[in-house]
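> any chance you could fold what I've pasted below:
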Amino acid sequence: MMFALVHLQPFLLPLFGEGSWARAALRYATAFLATTALERFVPRSASRRFVANGVAAALSSADFTTDKSQQRWFGPVYLMKVIGGHSGIPRG
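Next comes the predicted model:
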């Protein structure tokens, strides 16, 4: 979960006039909560990677369709990286 916490990139866009602070907070919270849920409720197995990427793809699609800023690509990339990339890593 620490991996998700240190990814503060969503908060860089509003600093440069792109997107809103509310959207940044929503993306950050979504990534953290999804990662936490996957860590707690999905067993560490080979299927975890598929579940994590499926959750990330669904959340990325929702973010992309609701964001109207010029940087709408950022949310899906961020969510796929943090949720799919981190939660999908099996740990032994």
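
> tell me where the model's unsure across the chain.
1-2, 88-92 (pLDDT under 70).

> ok, for the spatially most central residue of the chain, nearest residue in space, not its chain neighbours?
Note on the chain: the residue nearest the mean C-alpha position is Leu79, at 2.5 Å, using CA atoms, centre = their mean. With CB to CB, 6 or more residues apart in numbering as the criterion, Leu79 has its nearest non-adjacent residue at 4.6 Å, and that residue is Ser60. Placement of C-beta: from N, CA and C, glycine included.

> cool, His86 as well?
Nearest to His86 is Phe3, by CB to CB, 6+ apart, at 4.6 Å.

> isn't that neighbour right next to Phe32, touching?
No. Using CB atoms under 8 Å, Phe3 makes no contact with Phe32, being 9.9 Å away.

> ok, then the element right after the strand or helix carrying the residue nearest to Leu79?
Using DSSP states H and E, the element containing Ser60 is helix 47-66. Sequence-wise, the next helix or strand downstream of helix 47-66 (DSSP H and E) is helix 74-79.

> that next one: which residues count as buried?
Within helix 74-79, the residues that count as buried by 16 or more other CB atoms under 10 Å are 74-76, 78-79.

> same question, stretch 25-44
For stretch 25-44, by 16+ other CB under 10 Å, it's 26-28, 30-32, 34-35, 38-39, 42.

> mind putting the residues you listed into CSV with distance to Thr65 and secondary structure?
Shown next, in CSV, are the buried residues of stretch 25-44 (distance: CB to CB, whole Å; DSSP: H, G, I helix; E, B strand; the rest coil):
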residue, distance to Thr65, secondary structure
Leu26, 14, helix
Arg27, 14, helix
Tyr28, 19, helix
Thr30, 14, helix
Ala31, 17, helix
Phe32, 21, helix
Ala34, 17, helix
Thr35, 22, helix
Leu38, 22, helix
Glu39, 27, helix
Val42, 25, coil
